[in-house]
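Visitor: Give me the fold of what follows.
(chains A and B)
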Protein chains: 2
Amino acid sequence: MRILILGGDGYLGWPTAMRFSARGHEVSVVDNFSRRRRHTELSTASLTPIASLADRVEAWHEASGREIHAHVGSIEDFGFLDSVIAETLPDAIVHYGEQPSAPYSMRSREAAVETQYTNVIGTLNLLFAIRDRVPDCHLVKLGTMGEYGTPNIDIEEGFIEIEHKGRRDTLPFPKLPGSLYHLSKVHDSYNIHFACRIWGLRATDLNQGVVYGVETEETANDERLVTRFDYDEYFGTVLNRFCVQAVIGHPLTVYGEGGQTRGFLNIRDTLQCVELAVGNPAELGEFRVFNQFTEQFSVAELGELVRRSAAELGIEVEVRNYPNPRIEAEHHYYNATNTKLRDLGLEPHLLGEELVRSLLGVIERHRDRVIERAILPRTHWKPGELVAELGGSR
Amino acid sequence: MRILILGGDGYLGWPTAMRFSARGHEVSVVDNFSRRRRHTELSTASLTPIASLADRVEAWHEASGREIHAHVGSIEDFGFLDSVIAETLPDAIVHYGEQPSAPYSMRSREAAVETQYTNVIGTLNLLFAIRDRVPDCHLVKLGTMGEYGTPNIDIEEGFIEIEHKGRRDTLPFPKLPGSLYHLSKVHDSYNIHFACRIWGLRATDLNQGVVYGVETEETANDERLVTRFDYDEYFGTVLNRFCVQAVIGHPLTVYGEGGQTRGFLNIRDTLQCVELAVGNPAELGEFRVFNQFTEQFSVAELGELVRRSAAELGIEVEVRNYPNPRIEAEHHYYNATNTKLRDLGLEPHLLGEELVRSLLGVIERHRDRVIERAILPRTHWKPGELVAELGGSR
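Guide: Prediction:
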């Protein structure tokens, strides 16, 4: 198959590109290096030293004998995107090419507008390019479990059957997104659903949980093939952040009471899920939603898991409750369905102390690269309220 | 009160500005003349000859002795919008300042992007300006009944209580919008809801039905005060279009079988509803949704009403079914709740033959201005499918 990966230089995009290439597919990647640029602007960086995209492609060729084709540009630039799609004529497009951070989107008006512009308009451009160039192409779009928020009912996979006043319909699951980033993903879902309903496109929306881990089969081949690992307040996901904090002796930054429960998955399972979605495409006109996570944990449970796992390595870790920079429920019902990917054959790598210890080992190798300034949250959902509070904990 | 009207040069915005001014409020309007510009680009125009905004403001001063303050610029331009809000410090903002046409949004990728950019980013700018300048200000935002689509259950006002697997929650009503314009309004609703939940802003989302009519108390004072009346495929709403078609002897353009049922209201009731919303503000932190229409009709029923009303005036009208340029259900269940505005005191002007005859009379006075080329739909929801079909009916 011809597969195009948008955001193919990213944390998940680059390992995904190698995976499909390893399987013998013809892979092209698009990236505008926005993550690298934002890190430069924020004076932060990946914990793992990462090669340039050109070096990655070269190293992959040396390691595998296969070619990954790189296209540098932004999906907001329709002329660029359209020409890449016309040239590559993909059978499937895996779309990671978005601004993926909730706190980044809440930094400022400029960052909020940038996030919704990049994500919503970029995806809208993509839908038009698919419609007019490759209408049979299967769009595999990365969404987020955060689109649903924390409703007081079970979360279904994209749609819910509602009985109301004696009548019935199956409708899009109501959303309560928790940041301007999460909102952009909700907007995307609605736009893509529309393109499937009206234009007959086919799409799978992968509402992904929080990803952890750093290694995949392919990243281990050569150190130029490692993927990025972010631990800063903006781009670090919670378990990855906790592990870095444990290694450098920083208290684990549990926001608020830590009762926030979310779906999680190993980066290896992200690749598995995306492969399953691409290998089992949606029908023409179908908009499918898969909830892409393997287990649910509360933030406090993760803190405790990291503390226990580190203790086995002789590292003493303090779990500390910080004033929550986000506005979110800290105790809530949470039960999300995730059977569709399992039905397609997903075999989860579950989270345990061994995985955490292995992650701590990787981090230990790079501990001199940790920028401690980047650990504590400085962006708060409701400006003005947190600065004073946080002072006490710093 | 200090009231700011965004889109204050438009079909509804200008009459709204005069209404609040007449009631003694301090009124400012913002407009970037995008409607006038789009008409120029499309070689179309308002049926009614409309004065420039400066002439309107002057005429209103002569007629009423009151001042309306005009600010010319775009809400997409944050610096402009922010300075207007800082200067006017509104108690309420009535937000009509969006691209309001479904077919316009479906014309091309460029028009779709323009629509979602103007509407979503413009409104996002507005939310930040309110948060940082006038956090107590009440945002009254024009949404559309089209956000809901045509679900097979009763449509509630913004939220629905769902019982699911033995648990219960009240959640945003699921949406099935029918165009990229309607989607932009769904996105806005989600963003505004978030701003209320997280920042504690107050907002009323008026999910308006299809508006008809041209006269309000204030527009009748002076011919320089008349509001625009659009009848073209992009900006003309269905009943207004039918009335123009009746006057010029064009068959009424019922799209498809005409079973499409929607909520409708008189322009006079738009003003009443907006007054009721502004006069009874939402609480801080509250996101209220009112379904703003007074009656439901199918397109076929409206065609028949216009035919009957015209017949009374001796005008013979043909109702003709055209291939539907939209992708939409032509026979469907439709029952939408609209009790909240009635509970606040809305007294509807119901639609009848007399109203239609009066509208036909206004149109008759301007029939030499009708641009017949603008009548038939040329934008179709699924490009390529309709051109051949339409050929037969032209």
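Visitor: Over to A:Phe290. Which of the three states is it?
Guide: Assigned with DSSP: H, G, I helix; E, B strand; the rest coil, A:Phe290 falls in the strand class.
Visitor: I should have written A:Val186 there, sorry.
Guide: Secondary structure of A:Val186, per three-state DSSP, is helix.
Visitor: Also A:Lys141?
Guide: For A:Lys141, the reduced secondary structure class is strand; criterion used: three-state DSSP.
Visitor: pLDDT score for the nearest residue to it once chain neighbours are set aside?
Guide: Using Cβ to Cβ, 6 or more residues apart in numbering or on different chains and skipping the chain neighbours, the partner closest in space to A:Lys141 is A:His95 (4.6 Å). In short, each C-beta sits where N, CA and C put it, glycine included. Per-residue confidence for A:His95 comes out at a pLDDT of 98.
Visitor: And A:Gly10, how far from chain B?
Guide: Distance from A:Gly10 to chain B, counting by Cβ to the nearest Cβ, to the nearest Å: 24 Å.
Visitor: Hmm, I typed the wrong one, I wanted A:Leu206.
Guide: According to Cβ to the nearest Cβ, A:Leu206 stands 20 Å off from chain B.
Visitor: And the strands in chain A?
Guide: A:2-6, A:26-31, A:68-72, A:92-95, A:138-144, A:159-164, A:167-172, A:202-208, A:210-212, A:252-255, A:261-266, A:287-292, A:295-298, A:319-322 (DSSP state E).
Visitor: for these, which one sits closest to A:Val370?
Guide: In terms of Cβ to Cβ, the element of the strands of chain A nearest to A:Val370 is strand A:252-255, at 14.0 Å.
Visitor: average pLDDT for the closest one?
Guide: Averaged across strand A:252-255, the pLDDT comes to 96.
Visitor: Starting from that strand, tell me which strands it pairs with and how they run.
Guide: strand A:319-322 (parallel) (DSSP bridges).
Visitor: A:Ile93 and A:Leu4 touch, don't they?
Guide: Yes: the pair formed by A:Ile93 and A:Leu4 meets the contact definition of Cβ atoms under 8 Å, at 4.7 Å.
Visitor: Pull up the overlap in contacts between the two.
Guide: Both A:Ile93 and A:Leu4 are in contact with A:Ile85, where contact means Cβ atoms under 8 Å, 6 or more residues apart in numbering or on different chains.
Visitor: More neighbours: which of those two?
Guide: When neighbours are counted by other Cβ atoms under 10 Å in any protein chain shown, A:Ile93 and A:Leu4 differ, and A:Leu4 comes out ahead with 30 against 26.
Visitor: Contacts only, for the more buried one.
Guide: A:Leu4 makes contact with A:27-30, A:84-85, A:88, A:90, A:92-94 under the criterion Cβ under 8 Å, 6+ apart.
Visitor: hey, what's it bridged with?
Guide: Once the bridges are assigned, which here means DSSP bridges, A:Leu4 pairs with A:Ser28, A:Ile93.
Visitor: Phi, psi for the spatially most distant residue from the centre of chain A please.
Guide: When each C-alpha in chain A is compared with the mean C-alpha position (Cα atoms, centre = their mean), A:Gly166 comes out farthest, at 39.6 Å. Main-chain dihedrals, A:Gly166, degrees, to the nearest 10: phi 80, psi 0.
Visitor: what's the distance between it and chain B?
Guide: Summarising the geometry, the distance separating A:Gly166 from chain B, computed by Cβ to the nearest Cβ, is 9 Å.
Visitor: how far away is that residue from B:Ile153?
Guide: For A:Gly166, the distance to B:Ile153 under the criterion Cβ to Cβ, to the nearest Å works out to 9 Å.
Visitor: again, but for A:Glu62
Guide: 59 Å.
Visitor: Which residue of the two possesses the greater neighbour count?
Guide: The residue with the greater number of neighbours, taking A:Glu62 and B:Ile153 and applying other Cβ under 10 Å, is B:Ile153; the counts read 19 against 12.
Visitor: Burial check on the nearest residue to A:Leu6 once chain neighbours are set aside, number of neighbours?
Guide: Among residues not flanking A:Leu6 along the chain, A:Gly97 sits closest, at 3.3 Å (Cβ to Cβ, 6+ apart). By the measure other Cβ under 10 Å, the count of residues near A:Gly97 is 30.
Visitor: Test my guess that A:Gly97 contacts A:Gly73.
Guide: No: A:Gly97 sits out of contact with A:Gly73 when judged by Cβ under 8 Å, with a separation of 10.3 Å.
Visitor: Could you find the closest non-adjacent residue to A:Ser105?
Guide: For A:Ser105, ignoring the flanking residues on the chain, the nearest one in space by Cβ to Cβ, 6+ apart is A:Tyr181 at 3.6 Å.
Visitor: Correction: the previous question concerned A:Phe235.
Guide: Sequence neighbours aside, A:Ser101 is the residue nearest to A:Phe235 in space, at 5.4 Å (criterion: Cβ to Cβ, 6+ apart).
Visitor: and what of A:Ile75?
Guide: A:Gly122 (3.8 Å).
Visitor: Number of residues surrounding the one you found?
Guide: When neighbours are counted by other Cβ under 10 Å, A:Gly122 registers 24.
Visitor: Surely it and A:Glu98 touch.
Guide: Yes: A:Gly122 is in contact with A:Glu98 according to Cβ under 8 Å; the separation is 6.8 Å.
Visitor: With distance to B:Asn240 added, can I get the strands of chain A in CSV?
Guide: Conversion of these to CSV gives the following (distance: least, Cβ to Cβ, whole Å):
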stretch, distance to B:Asn240
strand A:2-6, 43
strand A:26-31, 45
strand A:68-72, 48
strand A:92-95, 41
strand A:138-144, 38
strand A:159-164, 33
strand A:167-172, 31
strand A:202-208, 37
strand A:210-212, 51
strand A:252-255, 53
strand A:261-266, 49
strand A:287-292, 34
strand A:295-298, 53
strand A:319-322, 58
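Visitor: what about those, which gets the closest to A:Gly345?
Guide: When the strands of chain A are compared by Cβ to Cβ, strand A:287-292 sits nearest A:Gly345, at 12.4 Å.
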